[in-house]
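[1] Give me a 3D structure for the following:
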Amino acid sequence: MGRKRFDSTSFLSTMGKGKTIIRCLKDQVIFAQGDPADAVFFIQNGRVKLTVVSERGKEAVVALLTKGSFFGEGCLNGDVRRLSTAAPLTQCSVLRIAKEEMVRVLRTEPAFAARFMSYLLERNGRIEEDLVDRLFNSSEKRLARVLLLLAHFGKDQEPEPVLPEISQDMLAKMVGTTRSRVSFFMNKFRKLGFIDYNDTTLEVHNSLLNVVLHD
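    From the prediction side, this is the model:
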C-alpha cells in the first residue's frame, strides 16, 4: 500500500508532534522582538499584528495578518532572534510549529511546500507594493489602501467591510504619518460616505477605492 496522502488543512488545524495550538487574548504577546526564533506560526482564526521598535524606541506596525497567514518564518532563514513582536488584535488561535517539524514537512511534503511558498511569494509582493506606496503616494492614499487591504477588498476572499476595533494610533504607525493626519482623513472619508466608524467598529465601503484610483 502507498503512503497515506498528506492533508495540509488537517496538519494546520490539529496538534501533534512539534505542534501546539495557542489560544491568545487581545494584546497577549506571542513572541517579542529579540526572543529566540525557534518556530513558525499559523493563524487558525483572528488577527495578529507584527510590530518593530527601533533603538530610539519608535514603534512601527509592519504587518496585520489574518486567518490563514504564516508568521515567524524567519527562523527558517537562519534568524536566531525575532526581528519583530507578534501580538493578537483580537482573541485568536494560532498553531505553533517547531522549526524542526516545519523543516521536515517542507522537505517531505511537496504539496505543503508549494502552499507555503505561494504564501511567501504573495506576502513578498505585498511588501514590495507597500514600499512603492510609501515612496510615491500621499498619506491620504496610503491610509485608504491600508483600510481596503484590512477589509480584504481586491483579494480572492470575500471582503470583510466591518473591522474589529483598530486604533488611529495603529493606523498611523502602518501608514507612516501622524495620528492627527489619520484623524483628519478618517473624518474626511466619513463625510464623503467612504467609511463609517465609532468607538468599537470600522466599516469600509468599496467607494473608498475612489481615493486610491484618483490621480
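[2] And the next helix or strand past the longest helix seen in the chain?
    Taking DSSP state H as the criterion, the chain has its longest helix at helix 110-136. Of the helices and strands lying after helix 110-136 in sequence (DSSP states H and E), the nearest is helix 139-150.
[3] which strands and helices sit next to the longest helix of the chain?
    With contacts defined as 3 or more Cβ pairs under 8 Å, 6 or more residues apart in numbering; DSSP states H and E, helix 110-136 has these neighbours: helix 8-11, strand 70-71, helix 99-108, helix 139-150. Quick note: C-beta positions are derived from backbone N, CA and C, even for glycine.
[4] deepest of those, which one?
    The densest packing among the helices and strands packed on helix 110-136, expressed as mean neighbour count by mean count of other Cβ atoms under 10 Å, is seen in helix 139-150 with a mean of 22.
[5] looking only at pLDDT, what's the mean for it?
    This predicted structure assigns helix 139-150 an average pLDDT of 87.
[6] Can you give the distance of that helix from its chain's centre?
    Computed by Cα atoms, centre = their mean, to the nearest Å, the chain-centroid distance of helix 139-150 equals 14 Å.
[7] Give me the residues contacting that helix.
    Among residues not part of helix 139-150, those counted as contacts by Cβ atoms under 8 Å, 6 or more residues apart in numbering are 64, 133-134, 137, 154, 163, 166, 171, 174-177, 181-182, 185-186, 188-189, 194-195, 202, 204, 208-209, 211-212.
[8] The same query, at a cut-off of 6 Å, please.
    133, 163, 174-175, 177, 181, 185, 204, 208, 211-212 (Cβ atoms under 6 Å, 6 or more residues apart in numbering).
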